[in-house]
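Visitor: no sequence on hand, only this structure:
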């Protein structure tokens, strides 16, 4: 056998073995997704209505706290504050800044916009 034929044969065998090692075999069905998609407590903050004017209008602020098991957390103290560009400010006011979650994991307060004249 010549060196060229031996080299080509070796290359062909290497490619065949490499291709056989790269196959994918089915491993059964994936399990169904369950539970929350987070690892710890999950806090959401919503407001309604989302947009108000600076005339003393009100918006309800609702914080919802869910535990790692996907169930609402009751009796958890929350403290709300306001900030603009990460600087604490009082732009309007909140009816309550110290809240506790209820049995559904929710705590609510009301935001009052400032009254702007002019």
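Guide: Alright, I've got the coordinates. On a predicted model such as this, the values are computed, not experimentally measured, just so you know. Numbering: from 1, shown residues only.

Visitor: hey, let's count contacts and neighbours off CA atoms from now on
Guide: OK.

Visitor: just for the chain, where's the confidence low?
Guide: Counting by pLDDT under 70, the ranges of the chain that qualify are 1-25, 34-39.

Visitor: ok, 90 please
Guide: The model of the chain has pLDDT under 90 over residues 1-42, 68-70, 81-86, 88-93, 116-118.

Visitor: which stretches in it count as helices?
Guide: Along the chain, counting by DSSP state H, helices occupy 3-21.

Visitor: which residue ranges of this protein form strands?
Guide: 42-48, 58-66, 77-79, 83-84, 87-88, 93-94, 98-100, 106-112 (DSSP state E).

Visitor: name the residues that touch the fifth one?
Guide: Spelled out, that is strand 87-88. 81-82 (C-alpha atoms under 8 Å, 6 or more residues apart in numbering).

Visitor: that strand pairs with which strands?
Guide: Here strand 87-88 is paired, per DSSP bridges, with strand 83-84 (antiparallel).

Visitor: check the offset of the strand it pairs with from the chain's centre.
Guide: In terms of C-alpha atoms, centre = their mean, to the nearest Å, the centre of strand 83-84 is set 22 Å apart from its chain centre.

Visitor: same check, this time on stretch 72-89
Guide: When C-alpha coordinates are averaged (C-alpha atoms, centre = their mean), stretch 72-89 and its chain have centres 17 Å apart.

Visitor: mind listing what's buried in it?
Guide: Buried residues in stretch 72-89, counted by 16 or more other C-alpha atoms under 10 Å: 72-74.

Visitor: can you lay out the strands of the chain as TSV showing distance to residue 28?
Guide: Output for the strands of the chain, formatted as TSV (distance: least, C-alpha to C-alpha, whole Å):
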stretch	distance to residue 28
strand 42-48	32
strand 58-66	33
strand 77-79	45
strand 83-84	51
strand 87-88	53
strand 93-94	54
strand 98-100	46
strand 106-112	41
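
Visitor: nearest to residue 118, out of those?
Guide: strand 106-112 (18.8 Å; C-alpha to C-alpha).
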